[in-house]
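[1] A structural model of the following input is requested.
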Amino acid sequence: MTALEFRRKVFHLFALLLWLLPVKYLSFWQFVILFLIVVFLNFLTVLQFGKDGFLRRYYAIVFTLEREKNLSKPSVQALWANLGIGLSYILFGPESAMAGIITLAIGDAFASLVGQSFARIRIFSKSLEGSAAFFISSSLALYPIFESASFLLAFIGAIIELLPSSLDDNLSIP
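    Sure, this is the predicted structure:
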């Protein structure tokens, strides 16, 4: 993993964790309004609205932070994550959204770091080592809030991350 890829992962981790603030401190309707604004702006980014015009500096930053496989649809992974977090909050409440945010941010980051660096055993298109890192890191991050349920939440998240699916795991994990 290159230094740039590592910086991108760290940025994505902190960007996802920022959702903990509105989930914890905003009312339901304040959260819904923020969620709709973020998803709308995210959708415009995926469509590359204003890319060559007044938003070109914004897109320069987006393209710097984006993985190469997503350059044709910049910010698509963020769109899926934002949708997953928002829908989790709206459908199941703030505690579920917090669990999803923590699991996605911490588990996905550590799965990627360990899987790209130490992968030996492949299961589907993922590594067993990355899945173990997902489970361990998510369990540790969730434990202070969810105690014994953290292990079940982390296990479910690791299975969702591991199994092949047509749904993006940034949507399905939260």
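[2] got the buried residues for stretch 159-174?
    160-162, 169-174 (16 or more other Cβ atoms under 10 Å). Backbone N, C-alpha and C define where each C-beta goes, glycine included.
[3] Which one of the residues you listed is nearest to residue 83?
    The closest of the buried residues of stretch 159-174 to residue 83 turns out to be residue 171 (Cβ to Cβ; 5.7 Å).
[4] Name the residues of the host helix or strand of residue 79 that are buried.
    Using DSSP states H and E, residue 79 sits in helix 76-92. Neighbour counts over helix 76-92 (16+ other Cβ under 10 Å) mark 76-89 as buried.
[5] Over to residue 52. Which of the three states is it?
    Secondary structure, DSSP: H, G, I helix; E, B strand; the rest coil: residue 52 is coil.
[6] give me phi/psi at it?
    Main-chain torsions, residue 52, degrees, to the nearest 10: phi -100, psi 0.
[7] Just want to check the distance between it and residue 67.
    22 Å (Cβ to Cβ, to the nearest Å).
[8] Compare these two and say which is more crowded by neighbours.
    Set residue 52 next to residue 67 and count neighbours by other Cβ atoms under 10 Å: residue 67 wins out with 13 against 8.
[9] about what we covered before: between the buried residues of stretch 159-174, which sits nearest residue 26?
    Closest approach to residue 26 among the buried residues of stretch 159-174 (Cβ to Cβ): residue 174, at 16.8 Å.
[10] can you list contacts of the helix holding residue 79?
    Residues outside helix 76-92 that contact it (Cβ atoms under 8 Å, 6 or more residues apart in numbering): 12, 15-16, 19, 23, 31-32, 35, 38-39, 42-43, 45-46, 67, 70, 96-97, 100-101, 104, 168, 170-174.
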